[in-house]
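In: what shape does this take:
(2 chains)
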2 protein chains.
Amino acid sequence: MTEKLSKNPYKGTRDFLPKDYLEREYLFEKMHHSARAFGFLPYDGPLLESLELYRAKSGEEIVNTQLYSFTDRGGREVAIRPEMTPTLARMASKICREYPLPLKWYSIPNLYRYENPQRGRVREHWQWNCDILGQNLTSAASEILQLLLFFFESLGANSSHVKIYLNHRKLISFLCEKILGLSPSLHLPFFKLLDRSAKISPHEFREQLISLISNKDLIPLVERYLTCHSFEEAKTFFKQYQEGEEAFRDLENVLSSLPSYMGHYLEFGPSIVRGLDYYTGIVFEAFDQSPENPRAICGGGAYENLLGLFGESLEGIGLGLGDVTLANFLETHQLWPNLKCPNITLSCFSQEPLTFSQERLIYEILYYLRKKSFCAVWKPTPLKIKKGLQWALQNNSTHCLFIHSSTEEDAKTKDFLFSVKNLSTQQQQDFSLTTLNSSTEKSLLDFLLRPQQG
Amino acid sequence: MTEKLSKNPYKGTRDFLPKDYLEREYLFEKMHHSARAFGFLPYDGPLLESLELYRAKSGEEIVNTQLYSFTDRGGREVAIRPEMTPTLARMASKICREYPLPLKWYSIPNLYRYENPQRGRVREHWQWNCDILGQNLTSAASEILQLLLFFFESLGANSSHVKIYLNHRKLISFLCEKILGLSPSLHLPFFKLLDRSAKISPHEFREQLISLISNKDLIPLVERYLTCHSFEEAKTFFKQYQEGEEAFRDLENVLSSLPSYMGHYLEFGPSIVRGLDYYTGIVFEAFDQSPENPRAICGGGAYENLLGLFGESLEGIGLGLGDVTLANFLETHQLWPNLKCPNITLSCFSQEPLTFSQERLIYEILYYLRKKSFCAVWKPTPLKIKKGLQWALQNNSTHCLFIHSSTEEDAKTKDFLFSVKNLSTQQQQDFSLTTLNSSTEKSLLDFLLRPQQG
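Out: Numbering: from 1, shown residues only, chains lettered A, B, ... in the order given. Okay, the predicted model is just below:
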């Protein structure tokens, strides 16, 4: 093969160089930490599932236009997971009769959708999924919302950066079916239009709405509905139809149970619909408040019967939050921290080539330090002291360990002299040794564990 | 849809229930920790790559019989990664001219191969990959082997559990091409036979060898080669052909640089070949020493020109270690630790239903504890004290927080009394509050941070 291969990743996917990996890891650690703080347990499923699972559980749009599916070498129809909820439903249905309820589970799977790549939208992304199954929906919704706010606050965000918009599928259904009389085939296009309503001009919105609704007199009703930005306004809107009592009771019960300052984060969101079929109750989305990045960062909702297709019955609520939209959010508000390695890291080098026995000895010292949970990076080629210190700073090291040039006398033995330098205090200590003994070990540890800032 | 969906995962893949997830997480944490202790940086690539990449870089066997490949909706031929090295080569070739060398990178990707599922062999597994690129191969091989031993020791293993067998591709090539005169199409079948030699009977081995080698006089030579279990024996074997000088110099340089006690782990392995095309120098495998699980746990080797197809040139060495074989190894030697949550975890419940204002208050307390890095699991339905303590023990909690029954007087206010109990010392402290104030916070923290064992 003479032609060069492409160095680029597959369209819509990302390479994670160490710098990118550490950013992703920061997000994942906050997800793990937040979920565990609330008593959620981690789970994972396989990347491939039977196509049948998504045909039964995912929306039509996903299966027909976004799914990566194919037939395996044994003739099975399989798909790369486009969302985690069907896998969760499958796994939960298998064990829900033996496990103590509720199940409070979370996962951070990578998901694949055949998207047209653009800002905030890629073909491979990671999504934090948290679900509570088998708990009454008021307390479950309250916990999910508290978890989400805890997560945002752990990233340094507050209600000036992000708000959670709530709605209820019973309200959307009533609007769709009873007020507008839309046929089932028009529900999804209507949901998508509502979802886009804030991103397009009022004129464009009206044009597109006309193409869906035959009775034009109903258009001002939809427009009025979209002006309901508080729970009170929304309640008044639906009251004229004697509707909404159950939905608003659900919403109010949840809001009443939340610590009061959390109220700042929560608003009614008329355009929040969550198109997926399985939602039946409260639905929500977290929205970036910056005019520069007016996007949903996360969404979720309550479902009455996610496990029905498996012959089980458990109500629940879940949230999904993607890594790409979250990273855009942190970038927009400059909430990324400085991601330095928190450990004590030593950059280690010698000023001259070593003999095998000297090499063995230094490797023993480094091995000892690593067992004590320090990071020790060894430079295999000799470096002069100035270059060595530059290299240590490049590595973000806290300390430097370097072996001094041997005298003629030293060269006859395997003995050598080395120094350890604290790169923030500039303090330095010399060590001389033939073998690693406990007194050297102790003074080495004492030096390394001195406070970083002198 | 009336027929029930299957609750099982796709053939050859695994569901990770929380218990399984925590086991996998334990392995991953040891991988992360070991790699970072040696200064390796984490990276990741996409799950899908162009099929072309594997056609160019993976062995024929993988592409023709094991790869999951398909054509995407845009007509691109893609594949789910069956190994990480081609992705590493692609990513490294893209940045190697700007990055300081060596690259010391690691990753823990999930990989897919169309295998016939059996013990130790699944279709989806996770593999720890560590590579050093752009460093002289002696010191790089020394570091990779030290890293591998550090990893095994961090799992509690020693040289009675695992040994590393080394070989050199130059020796294998000489044996294959010059001593046996095998045509290129027979190399892979011969490699596979060598690889299986310890698992089949001497008679079966000879039968299969005869089917490959036309000149039967050569068969005793191969059998003699396979009896070389020390570097000295192997050296003597090749010396009769005036061959092996370079290979044994490589091996000896590496062995001389290792701390001497590591020698116990290392042996010459005549059947270690590592069939993949890109290895050119030292190759190695770690083998379980138990007769009950005589399997390779990990393998790797040195390559001179992994980036050649991308128009770049860097020598390197890498290792790959799979999660399934590692888990079998730990199980065989009973090296799994007790994987309890290391944090302080509180199971929290109330003995009676709460008012909304009481609920808000308890949620505030729990939120405060979570911000202080405790895990707090809330039970949304009331529990009597005995049931509540049982539930807390099921949760592996260290502490229990429970709200007492309200007196009539309490019920008028939002005030309530709660107790926190240390489940190992059985110590208990009572708290009464209207709002969360700093003095309650302090005494709560003091109580929780008391040593676990009385």
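In: if I read this right, A:Glu246 contacts A:Lys170, doesn't it?
Out: Yes: A:Glu246 lies in contact with A:Lys170 (CB atoms under 8 Å); the separation is 6.2 Å. C-beta here means a position set from N, CA and C on the backbone, and glycine is covered the same way.
In: surely A:Ala376 forms part of a strand?
Out: Yes: assessed with DSSP: H, G, I helix; E, B strand; the rest coil, A:Ala376 lies in a strand.
In: gap between it and A:Ala392?
Out: With distances taken as CB to CB, to the nearest Å, A:Ala376 is found 12 Å from A:Ala392.
In: circling back to that earlier point, who's more crowded, A:Glu246 and A:Lys170?
Out: A:Lys170 (19 against 12; other CB atoms under 10 Å in any protein chain shown).
In: what residues does the stretch 201-350 of chain A have near chain B?
Out: Residues of the stretch 201-350 of chain A that fall close to chain B, judged by CB under 8 Å from any CB of the partner chain: A:253, A:256-260, A:309-311, A:341, A:343, A:345.
In: mind picking the two most distant members of those?
Out: The most widely separated members of those are A:Gly311 and A:Thr345, with 53.9 Å between them, by CB to CB.
In: more neighbours: which of the two?
Out: Shown here are A:Gly311 and A:Thr345; by other CB under 10 Å, A:Thr345 has more neighbours (22 against 10).
In: got the phi and psi for that one?
Out: Dihedral pair for A:Thr345: phi -120, psi 130, per degrees, to the nearest 10.
In: and for A:Trp126?
Out: phi -100, psi 140.
In: how far away is the residue in the stretch 1-150 of chain A positioned nearest to chain B from A:Glu246?
Out: Nearest residue of the stretch 1-150 of chain A to chain B, counting by CB to the nearest CB: A:Gly39, 2.9 Å away. Remark: distance between A:Gly39 and A:Glu246 (CB to CB) = 29 Å.
In: return the list of helices and strands in contact with the host helix or strand of A:Gly318.
Out: Element membership for A:Gly318, per DSSP states H and E: strand A:316-322. Packing partners of strand A:316-322 (3 or more CB pairs under 8 Å, 6 or more residues apart in numbering or on different chains; DSSP states H and E): helix A:85-95, strand A:124-133, helix A:137-154, strand A:282-288, strand A:296-303.
In: now the angle from it to strand A:282-288?
Out: Between strand A:316-322 and strand A:282-288, the angle comes out at 20 degrees (axes from the mean of the first three to the mean of the last three CA atoms, to 10 degrees).
In: could I get the average pLDDT for strand A:316-322?
Out: Over the span of strand A:316-322, the pLDDT mean works out to 97.
In: again with stretch A:269-282
Out: Averaging pLDDT along stretch A:269-282 yields 89.
In: need the contact list for A:Pro202.
Out: Contacts for A:Pro202 (CB atoms under 8 Å, 6 or more residues apart in numbering or on different chains) come out as A:Glu223.
In: please state the backbone phi and psi of it?
Out: With angles defined as degrees, to the nearest 10, A:Pro202 sits at phi -60, psi -40.
In: is the residue of the stretch 251-400 of chain A at minimum distance from chain B in a bridge, and if so with what?
Out: When scored by CB to the nearest CB, the stretch 251-400 of chain A has A:Val377 as its residue closest to chain B, at 3.0 Å. Beta-bridge pairing of A:Val377 under DSSP bridges involves A:Ser347.
In: residue contacts, it?
Out: With contacts defined as CB under 8 Å, 6+ apart, A:Val377 is in contact with A:345-348, A:395, A:397, B:38-39, B:104.
In: let me have the residues you listed in TSV, extended by distance to A:Lys163.
Out: Formatted as TSV, those follow (distance: CB to CB, whole Å):
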residue	distance to A:Lys163
A:Thr345	40
A:Leu346	46
A:Ser347	45
A:Cys348	50
A:Asn395	41
A:Ser397	42
B:Phe38	45
B:Gly39	43
B:Lys104	44
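In: identify, from those residues, the entry nearest to B:Glu61.
Out: Looking across the contacts of A:Val377 and measuring by CB to CB, the closest to B:Glu61 is B:Lys104, at 29.5 Å.
In: show me what contacts the closest one?
Out: A:377, B:38-41, B:130-132, B:135, B:143.
In: what sits up against the longest helix along chain A?
Out: As assigned by DSSP state H, the longest helix anywhere in chain A is helix A:18-37. With CB under 8 Å, 6+ apart as the test, helix A:18-37 has contacts from A:14, A:16, A:42, A:106, A:108, A:126, A:128, A:130, A:147, A:150-151, A:154-155, A:321, A:323, A:326-327, A:336-337, A:339, B:41-44, B:105, B:341, B:343, B:370, B:373-376.
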